[in-house]
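Undergrad: Just need the structure, nothing else, for what follows:
(2 chains)
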Amino acid sequence: NAGVTQTPKFRILKIGQSMTLQCAQDMNHNYMYWYRQDPGMGLKLIYYSVGAGITDKGEVPNGYNVSRSTTEDFPLRLELAAPSQTSVYFCASSYSKANTEAFFGQGTRLTVV
Amino acid sequence: DAKTTQPNSMESNEEEPVHLPCNHSTISGTDYIHWYRQLPSQGPEYVIHGLTSNVNNRMASLAIAEDRKSSTLILHRATLRDAAVYYCILSTGNQFYFGTGTSLTVIP
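TA: Next up is the predicted model:
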């Protein structure tokens, strides 16, 4: 059982480049989340999804886009990378919203130079 | 947004109990209280959650105040592997909001 899988694990981008962070879960979870974590800080919610075809903004959505075409996948898109987007990105999933545990991936460390 | 307040850091001696406090004075009646921990260079890991009653599992216990405005995560015997940042989170609406957490140091 793979759980939540994020790819890539590391990436260096130049300012203005674009990329997609991949997230896949094999637990048939409805809810999926993207967080970013800056050094020494807690996690901040970027976007979340409550099911295929449904997404919504979190605390810090600017500069990012998401889509949810299947239950399994929830990619995060950076269109014009900026140094402020240098961070560790975590994807998570859960079966429901409040009364279940969330499972996190191992993270993608992104550096924008 | 419902928020939580935790001490920035705590220390414990190995094999002693640890009580990690969390204040959440703006909690609403339907918010669950979750605890996650994050080991260095890893994603957060679920520890425990509850609504009103105290909860126990193999990892820890969660004590919830009667007015639900505070809670305490109890690690019964701290080990070196318990050194991590512990986050107290309220699951409000469709989202989990993380604060800055408590960094737990376990002293051998």
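Undergrad: use CA for all of it now, contacts and neighbours both
TA: OK.
Undergrad: Let me see the contact set for the nearest residue to residue B:90 once chain neighbours are set aside.
TA: For residue B:90, the nearest residue in space outside its immediate sequence neighbours is residue B:33; the separation is 4.9 Å by C-alpha to C-alpha, 6 or more residues apart in numbering or on different chains. By C-alpha atoms under 8 Å, 6 or more residues apart in numbering or on different chains, residue B:33 lies in contact with B:49-51, B:88-91.
Undergrad: hmm, which two among these are most spread apart?
TA: With C-alpha to C-alpha as the measure, no two of the contacts of residue B:33 lie farther apart than B:51 and B:88, at 13.0 Å.
Undergrad: more crowded one of those two?
TA: Regarding residue B:51 and residue B:88, a neighbour count based on other C-alpha atoms under 10 Å in any protein chain shown identifies residue B:88 as having more, with 31 against 17.
Undergrad: So what pairs up with residue A:91 in the strands?
TA: residue A:34 (DSSP bridges).
Undergrad: before we move on, what SS does the residue in chain B that chain A sits nearest to have?
TA: When distances are taken as C-alpha to the nearest C-alpha, chain B approaches chain A most closely through residue B:100, which lies 4.4 Å from it. What DSSP: H, G, I helix; E, B strand; the rest coil gives for residue B:100 is coil.
Undergrad: Not counting its neighbours along the chain, what's nearest it?
TA: With C-alpha to C-alpha, 6+ apart, the residue lying closest to residue B:100 is residue A:42, at 4.4 Å.
Undergrad: That neighbour contacts residue B:101, correct?
TA: Yes: because the distance of 6.8 Å satisfies C-alpha atoms under 8 Å, residue A:42 is recorded as touching residue B:101.
Undergrad: tell me the contacts of residue A:86?
TA: Remark: with contacts taken as C-alpha under 8 Å, 6+ apart, residue A:86 is in contact with A:38, A:109-112.
Undergrad: so which of the residues you listed comes closest to residue A:59?
TA: Each of the contacts of residue A:86 was scored against residue A:59 by C-alpha to C-alpha, and residue A:38 proved nearest at 14.0 Å.
Undergrad: That closest one - how many residues pack around it?
TA: As a burial measure, residue A:38 scores 14 neighbours (other C-alpha under 10 Å).
Undergrad: ditto for residue A:32
TA: The number of residues packed near residue A:32 is 33, by other C-alpha under 10 Å.
Undergrad: Distance from the chain centre to the regular element (helix or strand) spanning it, please.
TA: In this structure, residue A:32 is located in strand A:31-37 according to DSSP states H and E. Averaged C-alpha coordinates place strand A:31-37 at 5 Å from its chain's average position (C-alpha atoms, centre = their mean, to the nearest Å).
Undergrad: Just list what that strand packs against, helices and strands only.
TA: Using 3 or more C-alpha pairs under 8 Å, 6 or more residues apart in numbering or on different chains; DSSP states H and E as the contact definition, the elements that strand A:31-37 packs against are strand A:43-51, strand A:87-94.
Undergrad: what is the mean pLDDT for it?
TA: Strand A:31-37 carries an average pLDDT of 95.
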